[in-house]
Structure formats: C-alpha cells, structure tokens
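1. A predicted structure for the sequence below; I have some questions about it.
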Amino acid sequence: MLLAAIDEHCRGTYDFLYLPIDFKNNCNVGYAFINLIDPHCIIPFYKAFNGKKWEKFNSEKVAALAYARIQGKIALIAHFQNSSLMNEDKCCRPLLFCTDGPNAGEQEPFPIGTNTGSRAVKARSDNPTENNSQ
C-alpha cells in the first residue's frame, strides 16, 4: 500500500525504499527511507506527502520529511546488504528499483552480501575483572 501511494506521484523517481518493521509487534515502526534519484524530485515528493495524513491507511499520522544520515543508492546497498535483516522475510527487506528505460519503477534484485549472518553477541565472562577489561 505504501508503494502504491508513493507511485501515484513519484513512480520511477526513486531507487530505494525501506519500511522498517518491528518484528516483536509485527508492524512498521512509523517511518520509511526513500532515496530519490535526483534532487529535483524532492520538491514534487515534498508537495505530495509532507504534512499530509496517510488517509489510505486509516491513520491520523502525518508525514514529515527529513534527510537521512546515509545518502545514495550505493551507500544504502552497502549499509544493508550484509545486515541480518537480509535473513528476514523478503517483504521486510529494503527494496531497489530501476530508474531508467522501460523498466523504470520496477523492482530489481537487492544484492545480498556474503556476511548476512546474525550479529555475533560478545560472550560475557563470569569473572567481573574480565568484563571490566573488555
């Protein structure tokens, strides 16, 4: 539904979309990341969504746009491709989109890295002296 709402106004103008999911509650966390392919695409996107309610989602929440810490498709792929998130159901993973030619707006495969295992948890020693030195 989020993709359909965005595509009504901006299909083919973004190459990355990620809607983080709270796996404990099985719902989205209330924000998303989208990478627009050109700075000129920001203005129509802003006009279409910023300050507007998500009426199609039966929600009183209002959209607010902000710049993300990580910018650009390549940087976003690098950030997520080795994440344990890539082990989750495909519907919970970030999405990539074609932006050129007749396939503009269509999903493209997300390159999964070679190190997508669960994050290693540092073993905790029973010796308090060892824990303080780590």
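-> That came through, no problem.
2. any low-confidence regions in the protein?
-> 56, 116-134 (pLDDT under 70).
3. quick one, strands of it?
-> For the chain, the strands defined by DSSP state E occupy 14-18, 21-22, 27-28, 33-36, 95-97, 107-108.
4. Next up, the contacts around the residue nearest the centre of the chain.
-> Closest to where the C-alpha atoms of the chain average out (CA atoms, centre = their mean) is Y18, at 2.0 Å. Taking CB atoms under 8 Å, 6 or more residues apart in numbering, we find Y18 in contact with 32-34, 76, 80, 93-95. Bear in mind the C-beta positions are built from the backbone N, C-alpha and C, glycine included.
5. do the same with I70
-> 76, 79.
6. Near the nearest residue to N35 once chain neighbours are set aside, how many residues? Count them for me, please.
-> Spatial nearest neighbour of N35, chain neighbours left out: F16 (3.8 Å); criterion: CB to CB, 6 or more residues apart in numbering. Around F16 sit 22 other residues, with neighbours defined as other CB atoms under 10 Å.
7. So that it lines up with my notes, have the first residue be 35 from now on.
-> Noted, 35 is the first residue going forward, which turns the last one into F50.
8. What residues does F50 make contact with?
-> Applying CB under 8 Å, 6+ apart, one finds that F50 lies in contact with 67-69, 107, 110-111, 128-131.
9. and which of those residues is nearest F79?
-> Checking the contacts of F50 against F79 by CB to CB gives I68 as the nearest, at 7.7 Å.
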